Structures are given as structure tokens and as C-alpha cells.
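**Q** generate coordinates for the sequence data below:
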Amino acid sequence: MTRTLLRTCTVLFSLGLLLPLVAQARVSADQAAQLQGTLTPFGAERQGDAAKGIPQWTGGMTQAPAGYGGPGSFHVDPYAEETPLRVIDASTMQADADNLSDGVKALLKAYPQTFKLPVYPSHRSFSAPEDIYRNTAVNAQQAELSDSGYGLVGAYGGIPFPIPADGREAIWNHIARWQARYTDEVAVTAQVTTSGNYSLLRERIQLLSSYYDPKKDAGSLGNRLYYFASELLPPSRDVGRALLVHEPIDQVAEPRSAWIYNPG
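**A** Residues are numbered from 1 along each chain as shown. Next up is the predicted model:
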């Protein structure tokens, strides 16, 4: 997560050097109206592409799938009954060579009997709460970049630029993306060596969003985007190591604050 935050800032910094140092114009009411018509509330095309197997977006999944046990439970596959359209393996990989990464090709060649890629139908199941959509529509007409793209003003509680004018605005859509108001999860990563041995890394991750706080608005965020914390859990070798991040919206006005606790 820390590396992701640093990479995001590096990309944003580079774009700030390459693009004009001016605030972007807000979209017109007519443009914003597309979010209720040809575009989804987040600015994607509603229409699908049958030739590429992309269905039309019709609102996404708005209720938990059957069998979901609530917060703290494992996610449920809503398409568990589907069967693959086809399976890519070492003998058929050449037909899909243009769509496979070099790493995947190497795995298919190294494990021709066991490594396979089932290809399933595409689904556009994403959805967000209605208030997030409403905030996004407001942002479309009032959000602007500040400090040459390093900051954001006039945005709150939704995608800042659902109809982005350039790469900086698209990156801000990722930085301020909707990922719930508060998340608390334990992530487990298996670090595998070429011999097949592996070690487990367990980490508790918490994220509290100020930007999506229902009690706030664009004028009361106090330059705070979110608060992030992580802690390594057993059996990790560095168990107890913790990271805390206070992420600002405008890093020119206030740099990121971060603390690391190392019990060793």
C-alpha cells in the first residue's frame, strides 16, 4: 500500500511537469447530463461492445449475492454456476499470445499440465451508493485542480472528474476513488519462490476516508483525504510492525504525514 501511494505521487508529479500549469475548466451542465444518459454515473460508456464480449452497464449489482454472511465473511462468487467459455493452456496459448503477459506465458510453458487460464463471460457488476453518484454529478460541475494538479478543490464524496479533461484529472479519479468510507481487513499474501516453497505475510489494513465522510462537504475536509494504518500479524517475521499515514488532498499545502513503528 505504501509503495502504491508513493508511485501515485510520482506519476502525479511527472504529469504536473508536462501539462499546462492552469486549473481545468469545469464541465457544462449539458456535459454533466451525460452521466444520466450515454455515460454511467462515474463517466464510463453505458453501451457495451458485443464483438469484444463487453455487456451494457445496467446499474450493476446493488444487493449482496445469496449466501453472503455479512461483514467479516468471505466474499461470495455471484457467478459460481458459470462455466468457462474456453480454457487457455500451453497447447492453445499461441491464439491468445497478444493478450498474455510474458510472465503468464512463462508459467504456461513451465507448468503445461497444471497451469491453465479459464476465460469466463464479462460482467459489469460494479455499483456505488446513490449519494456517491449524486456527489459525483455535483463534482463534475464544480471540482477543479489546484497547485498545478497537486491539489483538488470543490470536490467531495464522489469521483472528482467523471468526464476528465486530461491525465491529471484521471489520476485524481483513482486517488479519490470510491472504496467505502471505512475498511478493516486482513490480507494474506503467499510469497512463492521458484522452488515452490512459500512464506505467508498477514497484514491488518484499515482505511478511514475523510473525503467520503457523510458529515462533511467540499468546504470542511480540512485538506484530509484519508487515514491509513497497517500492522503485520503472525506468522510474519516482522510481526507488530505498523504503519500510519495521514494523506492530505493538497500535498503542496501539506506534505503527507507517515509514521512507522518497528518493534525490533
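**Q** which stretches of the protein form strands?
**A** Shown for the chain, the strands assigned by DSSP state E span residues 86-88, 117-119, 144-146, 151-153, 182-192, 198-209, 224-233, 242-248, 257-261.
**Q** let me see the mean pLDDT of the third one.
**A** Pointing back at strand 144-146 there. Regarding strand 144-146, the rounded mean pLDDT is 95.
**Q** which ones are touching residue 210?
**A** Residue 210 sits next to 216, 221, 222, 224, 225, 226, 227 when contact means Cβ atoms under 8 Å, 6 or more residues apart in numbering. C-betas here are computed from N, CA, C, even on glycine.
**Q** so the fifth one versus residue 213, what's the distance?
**A** Which is residue 225. 11 Å (Cβ to Cβ, to the nearest Å).
**Q** which of these two has more residues huddled nearby?
**A** A direct count of neighbours by other Cβ atoms under 10 Å for residue 225 and residue 213 places residue 225 higher, at 21 against 17.
**Q** list the residues that contact the more buried one.
**A** Contacts of residue 225 by Cβ under 8 Å, 6+ apart are 175, 176, 209, 210, 211, 247, 248, 249.
**Q** between those residues, which is nearest residue 59?
**A** Checking these against residue 59 by Cβ to Cβ gives residue 176 as the nearest, at 22.5 Å.
**Q** the closest one contacts residue 157, correct?
**A** No - under the criterion of Cβ atoms under 8 Å, residue 176 makes no contact with residue 157, lying 9.3 Å away.
**Q** joint contacts of the two?
**A** With Cβ under 8 Å, 6+ apart as the test, residue 176 and residue 157 both reach residue 211.
**Q** what's the closest of the contacts of residue 210 to residue 149?
**A** residue 225 (14.9 Å).
**Q** quick check: chain neighbours aside, which residue is closest to that closest one?
**A** Beyond its immediate neighbours in the sequence, the residue positioned closest to residue 225 (Cβ to Cβ, 6 or more residues apart in numbering) is residue 247, lying 4.5 Å away.
**Q** so the one you found bridges to which residues?
**A** In this entry, residue 247 is beta-bridged to residue 226, by DSSP bridges.
**Q** residues near residue 258, how many?
**A** Other residues near residue 258 come to 14 when the count uses other Cβ under 10 Å.
**Q** got the contact list for it?
**A** Counted by Cβ under 8 Å, 6+ apart, residue 258 has contacts 2, 243, 244, 245, 246.
**Q** and the gap between the residue lying closest to residue 54 once chain neighbours are set aside and residue 40?
**A** With Cβ to Cβ, 6+ apart as the criterion, residue 54 has its nearest non-adjacent residue at 4.6 Å, and that residue is residue 48. Separation of residue 48 from residue 40 (Cβ to Cβ): 12 Å.
**Q** shared neighbours, these two?
**A** Common neighbours of residue 48 and residue 40 (Cβ under 8 Å, 6+ apart) are residue 57.
**Q** higher neighbour count, these two?
**A** More crowded of residue 48 and residue 40, by other Cβ under 10 Å: residue 40, with 23 against 15.
**Q** and the closest residue to residue 128 other than its chain neighbours, how many residues sit next to it?
**A** Setting aside the residues directly before and after it, residue 128 is nearest to residue 178 in space (Cβ to Cβ, 6+ apart), at 5.1 Å. As a burial measure, residue 178 scores 20 neighbours (other Cβ under 10 Å).
**Q** residue 178: what's it in contact with?
**A** With Cβ under 8 Å, 6+ apart, residue 178 has these contacts: 128, 132, 158, 159, 212.
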